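Visitor: model the following, please.
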Amino acid sequence: MRWMHAAGRGLLVLVVIMAGYVASGARADEGGAQGRGPLTLATAGDLTGYLGPLLRGWNRAHPGEKVTLVELPDSADETHAQMTTDLRGGDRGRFDVLNIDVNWTSEFAAAGWIRPLPRARFPLRSLLPPVVDTATYDGRLYAVPYVTNAGLLLYRKDVLAEEGVRPPRTWAELEHDAKTLAPRHGLGGYAGQFLPYEGLTVNAAEAVYSAGGTILGAEGTRVTVDSAAAREGIGFLARGVREGWIPKQALTYKEEESKQAFQDGHLLFLRNWPYVYAVASAKGSKVAGKIGAVPLPGPDGPGTSVLGGSNLAVNAHTRHPDSAARLIAYLTSEPVQRQVLTRGALPPVRAALYADPALVRRFPYLPTLRTAVLTAAPRPKSAHYDQVSLVVQAVVQDALTGRLTPGQAVRRLARELDAIARR
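Guide: Got it, this is the predicted structure:
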């Protein structure tokens, strides 16, 4: 989720505590009307510390609906585990509003953990079109997009300029430069997020999609991964590790570890989310002023990013659905979405912000990011997404470490995903 977030930054939860506490359908003397009252908003870690000020703005405008910061794990996998444990616990649980990874929407909706939302209440027509699809399941809106994301290829523009080389547009160009230019400058060639966790699922899916393949059909009911394109995509990553232009250290990287390696001047190329551009460009970074960003390359030209980001959903058993909807509308409003970018370095879901001249001057990667988001593809949609992701992680790790050939990995993926789809 943010993807999402990186490990090593501690824990964060948001608890929105509101006056006028009233259970849904409770007596009028127990609190405010129309399902308003205290809320709990659960989220993963805030790497840039932007969310507290946003919620303080809500507090000032809504003195009966206040926000307090608490804790959930920083890692997307651990956040998912804690949220699902709470939601399975019965009654209403601790959380009223959940900031969930875009790919958890189908799972949470299918399980009956989150409630459908009225489309007319939220600014869906003002959002980038692909992000709205991540908030739907079985034709209904179950969440509202909050931040989006698409992977970019970050690169050392000073090194490429010195060599007279343009940023790579194809896998062949990326591989060539990672093999030849990087060693001349004492750099590792290319890295992504290859530790077995959600980030590896994302990187593997991007490789498969970029080669023209898919993993699952609509809503996870049909397995489509057994293809030449999937073998090519997984083979590209496995070859990089085997030949060394993907450093073996990258097999231990999540988002934050890979960001730090790039920021410390150890990599020529890095696949990561746009927040890394902002952080690595900040004062004090060893590569500040030396980095650029382009779309991810593919076999014959620009590749396909996985659509990242997070959606805001409402617990099916919340006692205060009106307050929950009001908070979501606030967090997706244009002024707040602007601050999501300027304070949090997170890609907003409001389409108009990507053409704002002042924002483009401050965040020059925005036009590239907009293109990447509009052409991005979601991770496989499935009511059993957590199981799908774990299978992808395990099998692709075996391919990267040489325990399986790409062909063997794809066949095993097909078998194991088919077993999940039949459940």
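Visitor: the closest residue to P129 other than its chain neighbours: neighbouring residues, count only.
Guide: By the measure of CB to CB, 6 or more residues apart in numbering, the closest residue to P129 outside its immediate chain neighbours is L374, 7.5 Å from it. Heads up, the C-betas are built off the backbone N, CA and C, glycines and all. By other CB atoms under 10 Å, 15 other residues sit near L374.
Visitor: also the one 4 residues further on?
Guide: Residues lying near P378 (other CB under 10 Å) number 18.
Visitor: pretty sure it contacts A135?
Guide: No - under the criterion of CB atoms under 8 Å, P378 makes no contact with A135, lying 10.8 Å away.
Visitor: what sits in contact with each of the two?
Guide: Common contacts of P378 and A135 (CB atoms under 8 Å, 6 or more residues apart in numbering): V102.
Visitor: so how far is S310 from the residue nearest to P129?
Guide: 18 Å (CB to CB, to the nearest Å).
Visitor: ditto for T401
Guide: Distance from T401 to S310, by CB to CB: 31 Å.
Visitor: ok, the two, which is more surrounded?
Guide: A count of neighbours by other CB under 10 Å puts S310 above the other of T401 and S310, at 30 against 14.
Visitor: tell me which residues form a beta bridge with the more buried one?
Guide: In this entry, S310 is beta-bridged to D101, V147, by DSSP bridges.
Visitor: may I have the secondary structure class of L268?
Guide: Per DSSP: H, G, I helix; E, B strand; the rest coil, the local secondary structure of L268 is strand.
Visitor: that one - how many residues pack around it?
Guide: L268: 26 neighbours (other CB under 10 Å).
Visitor: quick check: the gap between it and E255.
Guide: Applying CB to CB, the value for L268 to E255 is 18 Å.
Visitor: now do G235
Guide: 24 Å.
Visitor: neighbour count winner among those two?
Guide: Taking neighbours as other CB under 10 Å, G235 and E255 compare with E255 leading, 28 against 20.
Visitor: tell me how far the more buried one lies from G407.
Guide: E255 is 30 Å from G407, by CB to CB.
Visitor: next: E162.
Guide: E162 is 40 Å from G407, by CB to CB.
Visitor: ok, L55 next?
Guide: From L55 to G407 the distance is 50 Å (CB to CB).
Visitor: which one of the two has more residues nearby?
Guide: L55 (22 against 15).
Visitor: next, the contact list for the residue nearest to P129, please.
Guide: So L374 contacts L128, P129, P130 (CB under 8 Å, 6+ apart).
Visitor: per-residue pLDDT, the closest residue in space to L267 that isn't next to it in sequence?
Guide: The shortest distance from L267 to any non-neighbouring residue, by CB to CB, 6+ apart, is to G188 (4.8 Å). pLDDT recorded at G188 is 98.
Visitor: kindly state the beta-bridge partners for G292.
Guide: Y155.
Visitor: distance of it relative to G188?
Guide: Counting by CB to CB, the gap from G292 to G188 is 18 Å.
Visitor: low-confidence stretches in the stretch 1-150 of the chain?
Guide: Counting by pLDDT under 70, the stretch 1-150 of the chain has low-confidence residues at 1-34, 47, 67-71, 90-92.
Visitor: what about the helices in it?
Guide: Using DSSP state H, counting those that start in this stretch, the helices of the stretch 1-150 of the chain run over 51-61, 76-88, 105-110, 129-133.
Visitor: test for you: state the pLDDT assigned to the closest residue to T214 other than its chain neighbours.
Guide: Once flanking residues are discounted, T214 sits nearest to T224: 4.5 Å by CB to CB, 6+ apart. pLDDT for T224: 97.
Visitor: could I get the contacting residues of T224?
Guide: Per CB under 8 Å, 6+ apart, neighbours of T224: G213, T214, I215, L216, G217.
Visitor: report how many residues lie close to R403.
Guide: Count around R403 with other CB under 10 Å applied: 11.
Visitor: what about it, which SS state?
Guide: coil.
Visitor: so how far is V241 from it?
Guide: Going from R403 to V241 by CB to CB gives 12 Å.
Visitor: helices of the stretch 251-400 of the chain, residue ranges please.
Guide: Using DSSP H, counting those that start in this stretch, the helices found in the stretch 251-400 of the chain span residues 255-263, 275-280, 321-331, 334-342, 357-362, 366-374, 385-400.
Visitor: how far does the second one sit from its chain's centre?
Guide: What it means is helix 275-280. 15 Å (CA atoms, centre = their mean, to the nearest Å).
Visitor: pLDDT on it, on average?
Guide: The average pLDDT for helix 275-280 rounds to 92.
Visitor: would you mind writing the CA trace of that helix as PDB?
Guide: The C-alpha trace of helix 275-280 is given here as PDB (Å, rounded to 0.1, in the frame of the first residue of the first chain):
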ATOM      1  CA  TYR A 275       7.700   9.000  -3.700                       C
ATOM      2  CA  VAL A 276      11.300   7.900  -4.100                       C
ATOM      3  CA  TYR A 277      11.900  10.600  -6.700                       C
ATOM      4  CA  ALA A 278      10.800  13.200  -4.200                       C
ATOM      5  CA  VAL A 279      12.800  11.800  -1.300                       C
ATOM      6  CA  ALA A 280      15.900  11.100  -3.300                       C
END
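Visitor: just give me the neighbour total for the residue nearest to A218 when sequence neighbours are not counted.
Guide: Distances taken as CB to CB, 6+ apart place K381 nearest to A218, at 7.0 Å, with adjacent residues excluded. K381 is flanked by 23 other residues according to other CB under 10 Å.
Visitor: done for today, thanks.
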